[in-house]
Each structure stands twice: as structure tokens, then as C-alpha cells.
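Undergrad: Have a look; sequence and predicted model below, questions after that.
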Protein chains: 4
Amino acid sequence: MSKKQDIMAATLDLIHEEGLQSVTFAKLFKRASVGAGTIYNYFANKEELVNAVYREARKLMGEFLLMNYDPGASLYERFKRLQLNRLEFGIRHPKEFLFIDSFSFSPYISPELRDAGDPNASSEVVLALIVEGQKQGVVKEMDSHLCHQLMHGIISSILKGYYVQKYPLSEVQIQQVLEASWKAVLV
Amino acid sequence: MSKKQDIMAATLDLIHEEGLQSVTFAKLFKRASVGAGTIYNYFANKEELVNAVYREARKLMGEFLLMNYDPGASLYERFKRLQLNRLEFGIRHPKEFLFIDSFSFSPYISPELRDAGDPNASSEVVLALIVEGQKQGVVKEMDSHLCHQLMHGIISSILKGYYVQKYPLSEVQIQQVLEASWKAVLV
Amino acid sequence: MSKKQDIMAATLDLIHEEGLQSVTFAKLFKRASVGAGTIYNYFANKEELVNAVYREARKLMGEFLLMNYDPGASLYERFKRLQLNRLEFGIRHPKEFLFIDSFSFSPYISPELRDAGDPNASSEVVLALIVEGQKQGVVKEMDSHLCHQLMHGIISSILKGYYVQKYPLSEVQIQQVLEASWKAVLV
Amino acid sequence: MSKKQDIMAATLDLIHEEGLQSVTFAKLFKRASVGAGTIYNYFANKEELVNAVYREARKLMGEFLLMNYDPGASLYERFKRLQLNRLEFGIRHPKEFLFIDSFSFSPYISPELRDAGDPNASSEVVLALIVEGQKQGVVKEMDSHLCHQLMHGIISSILKGYYVQKYPLSEVQIQQVLEASWKAVLV
DNA sequence: GATGAATGAGGATTCATTCAT
DNA sequence: CATGAATGAATCCTCATTCAT
């Protein structure tokens, strides 16, 4: 792995373990096994580093969300696919998911970056699906961004309970969650 | 108001405005209009202060959630009351709500504190209601904690949209949200 | 005991246990069981308090040094009496002895106080004895203050070894020390 | 000189000039001409710094005590060599000598450090000499540690007089002191 | 590019002292 | 006289950043 990747991975690890609060460069250098000055070859300062980590995590999630997404499937199937991918991303990439969730509304992440979406345009796919569902009279009339947030918020909330081991998330529970999130947006 | 309450209120304000990242003692003392040493009469250090603010916010939310809760009312009425209270807490106490939401799963809050619940045992009331609904065959069979988290997640995402997008949450919209969350957990 | 004495006793205790370095007023108030402002009824500030404790310790040692001192006894007997009293003072009042020893050359004690001697004029008695011995051709010719310091220095050194339990100080050892200190000043 | 040595030298200077009481980091950094954070590359905190200075002073004294010590010389010659070295160390290194003397029995220096001795084992050499002298019937029978402390106490008090009263300690006076300390431990 | 010793502005914390009760 | 909450200047300490190697 390159030095740059080492640094970014160490950053994400430390944020997950101790919170951004206590991520100091000293800890970072030790964890990433690089010299103190090396980081400045790649990132102008701490904020840029964190933003880069955020950008990469968003990119990873964006790719994950559209995995096996079949544009030709039914509305219901597509909705469930998106929500399933969202949930599985959280299960397989807890560090990335929590980081995104925590900092999406934090002043530490530059607003342009937060709203930038991802190169895969997964947001656009979700929004289009919502609008399509509303046109068909299946999905409740509401701001499409709000609906998107509702979809994300439900999954997010479920994942947080899972992370602190309130309950398992096996096949049965996953299906229940997908069903519930679908019902929540129906007319 | 006592100095202690001044300090805690100023802390919550600053976290809300600028994020925990940038809450320095200098800002805190100025905002709370107290001397630099005063805080140490009440809190051993910054972390204890933040934890105390968290504890108080949780207590406030716990009390709010059970306001006007009538154990003799119908299942549906009780469900709506709990969800209404949750929503109204978020509307009336946005700083407390966001703070709780952001830090409940952050390493900055000690896990014991997160799991402590509130003295009013509002969680237990919610869980009992879910179990009761499942016995009656009305609420879908699933882990009660999972269901609880679903209820919270829906309200939470609606609130975040409300905070950011500044759309109104008047009587009509509130009723829609309560209905939607009810449908999400039905069989 | 009066509050003033409580405070002075607590000060001496804490200096002995932790060093002047770490004697804070907070610890002092707790140990002496008095309110934070009480001290200022008796002492203008911390330095005056420490100086008062020093003055009292010096007074106590001064009185002790002349106990059972018989002006009519032989030069040798009087010398041994003074040295014995010095040694026994150190054995019975370690806190006072170490405090005096440590701060006699410290800038923390005002120079006037250090040179003030004690009301019993024990210093004058010792100095007169030395001069008398030198006139008789028994005691080595040297500055009488230097000789006084030699007498004190030997006892002090022995006591410090005793305090850290390098050896016991029972009757036999005490006599050996007195003899050695006598021989050290003989012609 | 290295930064570390600069810092330690400045620390010793300041302790000598103003007492440990008033050695603040601000003074230290200015005196040592280093940045405020540099010290923390070498010492975890102020106490460790002072202990390190103590350790080094003890090491220096230990080496000095055994300079030109000839194990083949006569008992008397060896005794005088040890006492001469002790005295000359005090004359040439007054800061180190006074620092050791003041803090060896202070709670600020950890007891382990005080008892650690020096790597050159100068204490052991002195103790062995005493025991040898006692076997030959020359040195008075007493606890060897007590005798060692006597030897040190005499030199120490002479030095303190020298420091304060500024009388000279030239060849003649030095020989008198050595003779006096020798007589003090004879049978 | 990589390093890590050095930096010093800035933040956390202490503690002697005051003063209203 | 006695109290102890409040104070804020002084102090300790941290940590992002620089730069010579």
C-alpha cells in the first residue's frame, strides 16, 4: 500500500476508535508508520486529510449502493436493492459508514464536499427512483431529498443499534428492515 | 440560573453552533460569563463537562417522551403519543436532540453513559408497548430493540430534514409522519 | 487547638510529606479542616505562613538545644549536651528538623528570619562555647560560625541517614556520633 | 551541546539561582534558548526533568569521587583521596553539590532514585574502606553506613560554610579538613 | 519523497487570593 | 471570625506545522 493510503487508512481507524477529537498527528504518524513530515507531501493540512478520507468513503459507499442495481427491475425490487446495499455497506464497512454519518452534518467537512455526491451519481439514482414512485402514485408526496433522507435515516438508525450489539442483523432482520422502510415511504 | 447551569448551557450552545471540535475553554468562559477556574468547581475536565451535558440532555428527552402518556389509552393512541413526543422534543429542543444523536455513538461519550438510559425508563415503556402490540398481532414480529430503533430512526430523519431544509412541520405534516411510522411497524 | 495552630501544623505535615513544591492551599484547607478564607485572618499570604512555621520550628529547636544545659559543667560535657540535644531534637521532631534544614538556605525564607536566631539565644551559647574552647587551646582555631556549622552539619548528616533508615540510632550509636563530632573540632 | 543538555544545564542553573520553587517553564525555555515544546521531546514533564538532572549530577559526583583512587595505596592515603575528591567536587561543582544535598531527602526526588547510588559504585568503595579500617583496628567500630554519613557530613558542612561565607579553601585549609575528618572516625 | 527534531501559538488546568454571606 | 464559591493570571502542556538533512 502506498504511504498516502497508509495515512488515510490510519486516519479512518483512529477516528473510529477514538473520535476525531483525539486524532492527533502524533498518533497518526505512529499508526501509519510514516514520518511526521510525510503527510504534507499529500495533504496541505489536517482538514484536507479528513476531507480526503471523507471523499473516499463517500466514493466507496456510492459504488456499493449501486451494486447489482438493475434499472429494469420493478420499483419495489429496485427500492429494496438500494436499501439492502445501504444496509450491507454499513455492515461490511462500519468505519466508513459511521464516519460519513457523523461528519455529513459537521462543520469540519466542507459544505461543497458534503453536497458533492459521488462520481457514480448514486444519489441521482435514488432521487429519480423516488420521483418515479411518486408519479406512479405509490410513494408518498414529499420533498424527494427528505424522502432520500428518510430512507437513509432508517437504515442508519438500525445500523447504530446493530453496532452497539442491541440485536443481530441476519437475513430475517434485514428483510424486516427493508419492508419497514418501504412501508414508511408508501402513500 | 446557577453557574453550573450557565456553563452547561453555554457548552450545548457552542457544540450546536461550531461542533465539539472547536469548543475551547476560552469560548466557553466568555459565553457563560464565568471565570476560567469556575468550571473546575463543577467538572474535573472537559470530557466530564460534555458527559454531564449529555446526561442532562438524555434526562430531558426521557421526561419529554413520557409527557401526557396515558397507559390506559389504546395501543395506537399510545404509539402516536410516544412518537409525537419524540418529534416535538426534536422541534422544541433541537440542540439537545442533535447533540444526543451525534454523540450517542461517538467514542467521546463513555459507553456506560450511552447505555444508562434515563431515570424515567422511557425506553422500557416503548419496549413494553412494542411487545404488547406484537402479542395483539398488530405489530410485526421482530426484535423489540430493532423496532424501537426503527421508530427512532424515522423521527430522527424527519427532524434532520426539518433542521436543514427548514420546511415547516405543522399539524398536518406531523400527523402524516406519525401515521407513516405507525405503518412501518405494522404487520 | 486554635485554627491558627491547626493551619500551621497542617502546613508542616504537608511540607514533610510532599515537599513545599506541592503544598497547595486547597490541600492545606482540607487537611486543616478550615475554610479557604480563614488563613487570611492569620497570615497575609503563603510566604508569611511558611515563614511563621519556620519561626516556630526554630523556636522549638532553640528551646530543645538548651535543655538540661549546665553552664557550670566542663567544656566537654557542655559540648556533648548541646550535640546530644541537637540529635535528639532531630529524632523526636523530624518534621521540624528537616524543614529547618531544607529551608535555612532557601530563598523562600526571608534572610532576616534565617539569621534571626531564636529567642533563647541558643546560637550565642554555642558560639560562646566554641570561643571558650579555642581560648583554652582545646578547640581548633577557625571561624566560630564555621565551627558551629560543622557541629550542626555532622548531626544533620547523621540524622538524614537515620531518617531513610540506613541505620538505627540507639544509645551506642548516639555516643559514637557525639565523640566523632567532638574529635572533629579538636586541635 | 545538544538541546537535551542545554535544557538540563539551564534547569540546574535556575534551581541554583532561584530555587526549584521558581523554576517555571517560561524561564527555562528562555535560558536554554529552546522552543516551548522541545522539552517534551526529552522529558515527559517537569518532575522527570528534575529527576534526570539529579541522576546526572549523582553520576558526575560518583565519577569524581573515585578519580585517582589507587586501591594499592595505604588506608590513610585512600581515605584522604576519597575525602579530597568529595571536597573538590563541591568546590568545582557547587551547583551539582548543593542540588544533590538539597533534594536527596526531598519528596520531589523519587526514593528509588535516591537509593540507586551511582554506576561507579563509589559508595561501595567507601564502605569497603571503612570496614577494612575497622578490621585493622584503626577506624572506630560503628555501623559502616553511619561512618560514611559522618565522612560526608563533615565535608558537606565545610562546603556550605565555604559557599556562604566565601572564605578560601586553599591547600592548607583543605589538608586541615581532611585531617579533621580522619581524626573523627579514628578509634 | 521521506524523515523527525524543533517550534511556539494556543489550549487546558492550577491555585493563591478575594469577597459576599 | 469563618466560610467556600468565584476569579483570572500564571503555568503547564499539546500538537499542527516547518525545515534541514
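TA: Alright, I've got the coordinates. Numbering: from 1, shown residues only, chains lettered A, B, ... in the order given.
Undergrad: quick one, domains of chain A?
TA: Domain ranges of chain A: A:1-42, A:55-185, per automatic domain parsing.
Undergrad: could these be laid out in CSV, adding mean pLDDT?
TA: What follows is the domains of chain A, written out as CSV (pLDDT from 0 to 100):
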stretch, mean pLDDT
domain A:1-42, 94
domain A:55-185, 92
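Undergrad: To DNA strand F, which of the ones you listed lies closest?
TA: Closest approach to DNA strand F among the domains of chain A (Cβ to the nearest atom of the strand): domain A:1-42, 2.9 Å. C-beta here means a position set from N, CA and C on the backbone, and glycine is covered the same way.
Undergrad: returning to that earlier point: can I get the domains of chain A in TSV including distance to chain B?
TA: Supplementary listing: these in TSV, determined by distance: least, Cβ to the nearest Cβ, whole Å:
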stretch	distance to chain B
domain A:1-42	4
domain A:55-185	2
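Undergrad: could you dump these to TSV with mean neighbour count?
TA: Shown next, in TSV, are the domains of chain A (neighbours: other Cβ atoms under 10 Å in any protein chain shown):
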stretch	mean neighbour count
domain A:1-42	16
domain A:55-185	17
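Undergrad: In a markdown table: the ones you listed, plus distance to C:Arg58.
TA: Output for those, formatted as a markdown table (distance: least, Cβ to Cβ, whole Å):
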| stretch | distance to C:Arg58 |
| --- | --- |
| domain A:1-42 | 50 |
| domain A:55-185 | 62 |
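Undergrad: who wins for proximity to chain C among those?
TA: domain A:1-42 (28.6 Å; Cβ to the nearest Cβ).
Undergrad: Specify the stretch among the domains of chain A that is closest to DNA strand E.
TA: Of these, nearest to DNA strand E by Cβ to the nearest atom of the strand is domain A:1-42, at 1.7 Å.
Undergrad: Quick check: end-to-end length of the closest one?
TA: Its start and end residues considered, domain A:1-42 measures 15 Å (Cα to Cα, to the nearest Å).
Undergrad: List the contacts of A:Pro71.
TA: A:Pro71 makes contacts with A:Arg78, as judged by Cβ atoms under 8 Å, 6 or more residues apart in numbering or on different chains.
Undergrad: Please apply the same query to A:Phe29.
TA: Contacts of A:Phe29 (Cβ under 8 Å, 6+ apart): A:Gly35, A:Ala36, A:Thr38, A:Ile39.
Undergrad: Let's see that with 6 Å instead.
TA: Counting by Cβ atoms under 6 Å, 6 or more residues apart in numbering or on different chains, A:Phe29 makes contact with A:Ala36.
Undergrad: likewise the one 10 residues further on?
TA: Taking Cβ under 6 Å, 6+ apart, we find A:Ile39 in contact with A:Ile7.
Undergrad: Tell me the spacing between it and A:Lys3.
TA: 9 Å (Cβ to Cβ, to the nearest Å).
Undergrad: Quick one: the domains of chain A as CSV, columns for distance to DNA strand E too.
TA: Shown next, in CSV, are those (distance: least, Cβ to the nearest atom of the strand, whole Å):
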stretch, distance to DNA strand E
domain A:1-42, 2
domain A:55-185, 15
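Undergrad: Ok, which of these comes nearest C:Leu60?
TA: Closest to C:Leu60 of the domains of chain A is domain A:1-42 (Cβ to Cβ; 52.5 Å).
Undergrad: In contact with A:Ala57, which residues?
TA: Counting by Cβ under 6 Å, 6+ apart, A:Ala57 makes contact with A:Glu96, A:Phe99, A:Ile100.
Undergrad: tell me which element A:Ala184 falls in.
TA: Assigned by DSSP states H and E, A:Ala184 falls within helix A:171-185.
Undergrad: could you dump that helix to CSV, C-alpha only?
TA: Extracted C-alpha coordinates of helix A:171-185, given in CSV (Å, rounded to 0.1, in the frame of the first residue of the first chain):
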residue,chain,number,x,y,z
GLU,A,171,-31.3,-12.5,6.9
VAL,A,172,-34.6,-12.3,8.7
GLN,A,173,-34.0,-9.0,10.4
ILE,A,174,-32.6,-7.5,7.2
GLN,A,175,-35.8,-8.3,5.3
GLN,A,176,-37.9,-6.9,8.2
VAL,A,177,-36.0,-3.6,8.0
LEU,A,178,-36.3,-3.4,4.2
GLU,A,179,-40.0,-4.0,4.4
ALA,A,180,-40.4,-1.4,7.1
SER,A,181,-38.5,1.3,5.2
TRP,A,182,-40.6,0.5,2.1
LYS,A,183,-43.8,0.9,4.1
ALA,A,184,-42.6,4.2,5.6
VAL,A,185,-42.5,5.9,2.2
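Undergrad: Can you list the helices and strands that that helix packs against?
TA: helix A:75-92, helix A:144-163, helix B:171-185 (3 or more Cβ pairs under 6 Å, 6 or more residues apart in numbering or on different chains; DSSP states H and E).
Undergrad: how close does the residue nearest the centre of chain A sit to B:Ala128?
TA: With distances taken as Cα atoms, centre = their mean, A:Phe97 lies nearest the centre of chain A, 4.5 Å away. Between A:Phe97 and B:Ala128 the distance is 31 Å, computed by Cβ to Cβ.
Undergrad: Ok, A:Ala121 next?
TA: 45 Å.
Undergrad: same thing with A:Ser2?
TA: Here the distance between A:Ser2 and B:Ala128 works out to 54 Å (Cβ to Cβ).
Undergrad: Other residues contacting the strand or helix carrying A:Leu98?
TA: A:Leu98 is part of helix A:94-103, with elements assigned from DSSP H and E. With contacts defined as Cβ under 6 Å, 6+ apart, helix A:94-103 is touched by A:Leu12, A:Ile15, A:His16, A:Ala57, A:Leu60, A:Gly90, A:Ile109, A:Ser156.
Undergrad: Check stretch A:128-145 too.
TA: A:Leu75, A:Arg78, A:Leu127, A:Cys147, A:Val185, A:Val187.
Undergrad: picking that back up, for D:Leu49, find the nearest of the domains of chain A.
TA: domain A:1-42 (19.8 Å).
Undergrad: if you look at the closest one, does any of it touch DNA strand F?
TA: Yes - Domain A:1-42 reaches DNA strand F (Cβ under 7 Å from any atom of the strand) through A:Ser22, A:Val23, A:Thr24, A:Phe25, A:Ala26, A:Leu28, A:Ala36, A:Gly37, A:Tyr40.
Undergrad: what would those look like in JSON lines with distance to A:Glu179?
TA: Output for these, formatted as JSON lines (distance: Cβ to Cβ, whole Å):
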{"residue": "A:Ser22", "distance to A:Glu179": "40"}
{"residue": "A:Val23", "distance to A:Glu179": "39"}
{"residue": "A:Thr24", "distance to A:Glu179": "44"}
{"residue": "A:Phe25", "distance to A:Glu179": "46"}
{"residue": "A:Ala26", "distance to A:Glu179": "48"}
{"residue": "A:Leu28", "distance to A:Glu179": "42"}
{"residue": "A:Ala36", "distance to A:Glu179": "51"}
{"residue": "A:Gly37", "distance to A:Glu179": "53"}
{"residue": "A:Tyr40", "distance to A:Glu179": "50"}
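Undergrad: Can you flag which of these belong to helices?
TA: Of the positions in the residues of domain A:1-42 next to DNA strand F, A:Phe25, A:Ala26, A:Leu28 sit in helices, assigned by DSSP state H.
Undergrad: need the residues of chain A near chain D, please.
TA: When proximity is defined by Cβ under 6 Å from any Cβ of the partner chain, chain A lies next to chain D nowhere.
Undergrad: Which among the helices and strands packed on helix A:171-185 is found nearest to C:Leu66?
TA: helix A:144-163 (77.9 Å).
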